[in-house]
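> Structure for this input, please:
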Amino acid sequence: MEEMRIKLLTVADAKDFVAHASKCDFDIDVYYNRVIIDAKSLLGVLSLDLTRVLTVNVHGEDEEFTSYLKKLAERTMAA
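All right, here's what the predicted structure looks like:
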């Protein structure tokens, strides 16, 4: 299980994140505080406070998704 902290700046970022997560055949959770959302649910992700840093738990391995998450994490740390 891998954990990363990201920030989704726009609704378009959220849609892109869900599209990438949906390609994976394992569970991916996004959470902030006590709320845990399935990363493959656009409505769920949009229900989170997108002004906050979110934690992503990946319960599997996918090189493309990991690379995508690292880009989001780097952007989050730079902001």
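> which phi and psi does the nearest residue to residue 50 once chain neighbours are set aside have?
Nearest non-adjacent residue to residue 50, counting by Cβ to Cβ, 6 or more residues apart in numbering: residue 8, 5.1 Å away. From N, CA and C alone the C-beta is placed, and that goes for glycine too. For residue 8, the backbone dihedrals (degrees, to the nearest 10) come out as phi -100, psi 110.
> Hmm, residue 51 and residue 8 touching each other?
No. The pair residue 8 and residue 51 does not pass the contact test of Cβ atoms under 8 Å, sitting 9.6 Å apart.
> residues in contact with the helix or strand where residue 15 lies?
If you go by DSSP states H and E, residue 15 is part of helix 11-22. Residues outside helix 11-22 that contact it (Cβ atoms under 8 Å, 6 or more residues apart in numbering) are 6, 8, 28, 39-42, 45-46, 50, 64-65, 68, 72.
> List the buried residues for the next helix or strand after it?
Downstream of helix 11-22, the next assigned helix or strand under DSSP H and E is strand 28-32. Within strand 28-32, the residues scored as buried using 16 or more other Cβ atoms under 10 Å are 28, 29, 30.
> now swap in stretch 56-69 and tell me
56, 58, 62, 65, 68, 69.
> who are the neighbours in contact with the spatially closest residue to the third one that is not a sequence neighbour?
What that stands for is residue 62. Setting aside the residues directly before and after it, residue 62 is nearest to residue 24 in space (Cβ to Cβ, 6+ apart), at 4.9 Å. Neighbour list for residue 24: 58, 60, 62, 65 [criterion: Cβ under 8 Å, 6+ apart].
> Filter those down to just the ones in strands.
Counting by DSSP state E, these place residue 58 in strands.
> Give me the helices and strands touching the lengthiest helix in the chain, please.
Of all segments of type helix in the chain, defined using DSSP state H, the longest is helix 63-78. When contacts are defined as 3 or more Cβ pairs under 8 Å, 6 or more residues apart in numbering; DSSP states H and E, helix 63-78 sits against strand 2-6, helix 11-22, strand 54-58.
> and if we set it to 7 Å?
strand 2-6, helix 11-22 (3 or more Cβ pairs under 7 Å, 6 or more residues apart in numbering; DSSP states H and E).
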